[in-house]
Structures are given as C-alpha cells and as structure tokens.
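Undergrad: Here is a sequence with its predicted model. Questions after.
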Amino acid sequence: MKQKITLKHIARELGVSISTVSKALKNSEEISVDTKEKIQAFAKLYNYKPNNIAVSLKNKRTKNIGVVIPDIVHHFFTTVFRGIEKYANGQGYNVIICVSDESFDKEVINMEMLNNGSIDGFIMSLSAETQQKNDINHLREVVDQGIPLVLFDRVTDDIDCDKVILNDREIAYKATVKLLEEGRKRIALATTESYFNVSEKRAEGYKQALTEYGIELDDNLVLVLPYDDIKEEVINDFFEREAVDAVLSVNEIFAIQCMSVAKKRGMKIPEDISFIGFTDGLLSRYSNPRLTVVAQHGVTMGEEAAKMLIDRVEREIDGNDEEAYRTHIVEATIIERESTKN
C-alpha cells in the first residue's frame, strides 16, 4: 500500500516547518509566492489529501484533552491524572480519561475513539503490551496528523513528541546506595520484564550502585514478576532459594507482597531484611511496617504534562508552533519509613 503523505513529510522534504506547509496549502498571504508554489506543486505531485480530523482539531479548539493510562490500580497513575486534571481545569480545559488495562488493542481503540475531533491532543503512558510488541504505529499516525502528543513515565525514544519522565536510574542508584550503607550485602531487585523502559532504567541504577560499592552482580538476585498475576509461591520460592537481606522493588505492590512473604517466613523487618519500593501510595503508608519509598511525585508529573500539551495546542492554534520537543525530568525523592534502618 502506498504510504499516505502528510504535512510532516512535505515539511521534511522541502526543509520548511509544518506551519509553513499548512499556511501555503491554505494560500496564506504570510507565505511568499515562490514558497507557496513549490509546496503546492509538491503536494499535488504526491496527491496530498488533508486529514479532516486533524483539520478540525487545528481550526476548532475543543478545550478537551484525551488521557490514556495503563491502569487505575497503581497509585502513581491516579496521582498523575489528578495533576493533569488540576492544571487543565485551571486553564479552562476538560479531561477525558481512558484506561488501556495494559492492553495494546485497548490502547489503540481508545486513541481511535478519542481521535474524532473531540479533543485537542493526547497525554498518555504506554501499556505493557505496547512496550512488549514495540508497535507504535498508532502514535506515529497521531503525530503525523499534527495532533499534539505528550508521553509520560512509560515513553518511547522512537516518537518525536514532548515527554515527562522520572530520573529513574539516578533515584534507583540512590535507593540502592541507602541499602548498601545500612550494611546490606545481598540486595534483591523485584522487577518486571525488561521491556518496561522504566524498570530497565531502575535496574541500571541498581546495578551501578552495586558495582561502585564492589558488590558482584548476581542475576539470581533479580526477581522478575508478572505485572498482572503475582503468585505468592513464586516469591516464597525465591526467598527459599536465595539468602537476601534487602529488596529494592520497582513498584509498591511488589514490595508489599515481598514484605508479606518475608514476615510469614519469620524474618524481622528491618532487623533481618530491608525494603524500598517505588510509589508513595496508600499501601506503602499503611503497611506494617510502613514502607520506605521512592516518591515519584505523580501530581507534579501530571501538571507538567498538561502544561506542555496545552502550551503546544495554543501555539499551534496561533500558528506559532516552532518550539522543539522537550523532555522534562521530574526529580524523585526517598521517604524513609520503618522498612529500612534509619
């Protein structure tokens, strides 16, 4: 099938901005005659057809933002959404949320449903299956249509758009160093499959800290758990097999489950074993003992994502969207509680 040509393709081929192409095709007086003729001739040669959805978004602001998140179980995603809604509402925008349930198909369907002229742009975090498949054509189509997109937390380097991420590697390094400075020598990493880009970054920080402190890396201390169906016996078998004196977990759910199994095995926390998990949610605050966490500041991440999107939407409407895409890094912090030694 012949690839459909877009404004972005024309702009790239002729070395001009997307805004210039758009104005030239509308015969705008702002564009010189020579440039207009060149762009219009190129568009005609390649049979360019404007995307009606994209045109409606450009010409008629809806004041709605579409948000697609992987799930609503994890405290982190609910706090990000709270931040998005807080900032967007303050700017006079409404927010429409969809949940992909970690499904690639649902993510695509959600985007197709929202992408009907009812929103001005997307904010989203990639589902587990999207990262596993590494299929991002639905994102590429949105960007090629000129619809603003902001990715947060779970992102891909293969899409040019604005992004908001956590300093995952750096904070995982600091959390591991904290455990090492308690005197822990056998630190386990409870993590997901490596196709989760955030988990991979956190694993890199964990390994960097161990290496710098002269601790030999041991793959047997990496406990890979499924994101959707964690069985207690898998964790118990791990503790049965490996002598562990600390656990760094890539989320609070894994940390609480590992802590529960350790307690059932008669291990005292934090005397015998320490735990640190990512996300400062209700589970962490009310667990027994209360969990030391990496606070991801989801509200801040959501507010920044909404600001980036709304700024770009309003620049595009004003015909002044020349700013390069940005990646904003949110600085996580460690909150010490009872699951680690003070």
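TA: Everything's here; your move. The model shown is predicted, which means the values in this text are computed figures rather than measured ones. Numbering: from 1, shown residues only.
Undergrad: My guess is Ser274 contacts Arg186. True?
TA: No - shown here, Ser274 and Arg186 do not form a contact pair, counting by C-beta atoms under 8 Å, at 11.0 Å. From N, CA and C alone the C-beta is placed, and that goes for glycine too.
Undergrad: Now for the two: what residues contact both?
TA: Common neighbours of Ser274 and Arg186 (criterion: C-beta atoms under 8 Å, 6 or more residues apart in numbering): 245-246.
Undergrad: the more surrounded of the two?
TA: Ser274 (23 against 14; other C-beta atoms under 10 Å).
Undergrad: how much space between that one and Ile171?
TA: 17 Å (C-beta to C-beta, to the nearest Å).
Undergrad: same thing with Glu29?
TA: Remark: distance between Glu29 and Ile171 (C-beta to C-beta) = 52 Å.
Undergrad: of these two, who's got more company?
TA: Taking other C-beta under 10 Å, Glu29 and Ile171 do not tie; Ile171 has more neighbours (22 against 8).
Undergrad: burial of Thr78, as a residue count?
TA: Thr78 sits with 16 neighbouring residues when counted by other C-beta under 10 Å.
Undergrad: Check Asn236 too.
TA: Burial of Asn236 is recorded as 15 neighbouring residues (other C-beta under 10 Å).
Undergrad: Next, give phi and psi for the nearest residue to it once chain neighbours are set aside.
TA: Nearest non-adjacent residue to Asn236, counting by C-beta to C-beta, 6 or more residues apart in numbering: Val261, 5.3 Å away. Taking degrees, to the nearest 10, you get phi -70, psi -40 for the backbone angles of Val261.
Undergrad: ok, now Val95?
TA: The phi/psi pair for Val95 (degrees, to the nearest 10) is phi -120, psi 130.
Undergrad: Then Gly277?
TA: With angles defined as degrees, to the nearest 10, Gly277 sits at phi -130, psi 160.
Undergrad: bridging residues for it?
TA: Ser249, Val293 (DSSP bridges).
Undergrad: contacting residues for it?
TA: For Gly277, the contact set (C-beta under 8 Å, 6+ apart) comprises 248-252, 254-256, 284, 291-294.
Undergrad: could you redo the last one with a cut-off of 6 Å?
TA: For Gly277, the contacting residues are 249, 252, 255, 291, 293, taking C-beta atoms under 6 Å, 6 or more residues apart in numbering as the criterion.
Undergrad: Tell me how many other residues surround the residue lying closest to the fourth one once chain neighbours are set aside.
TA: Okay, so that is Leu291. Take Leu291 and drop its neighbours on the chain: the residue closest to it by C-beta to C-beta, 6+ apart is Ser284, 4.0 Å away. Here the neighbour count serves as a burial measure; for Ser284 (other C-beta under 10 Å) it reads 26.
Undergrad: Likewise for Glu212?
TA: Around Glu212 sit 12 other residues, with neighbours defined as other C-beta under 10 Å.
Undergrad: again with Asp135
TA: By other C-beta under 10 Å, 14 other residues sit near Asp135.
Undergrad: got it, and Asn197?
TA: Other residues lying near Asn197 total 17 when counted by other C-beta under 10 Å.
Undergrad: Ignoring the adjacent residues along the chain, who's closest to it?
TA: On the basis of C-beta to C-beta, 6+ apart, the spatially nearest residue to Asn197 that is not a chain neighbour turns out to be Arg154, at 6.1 Å.
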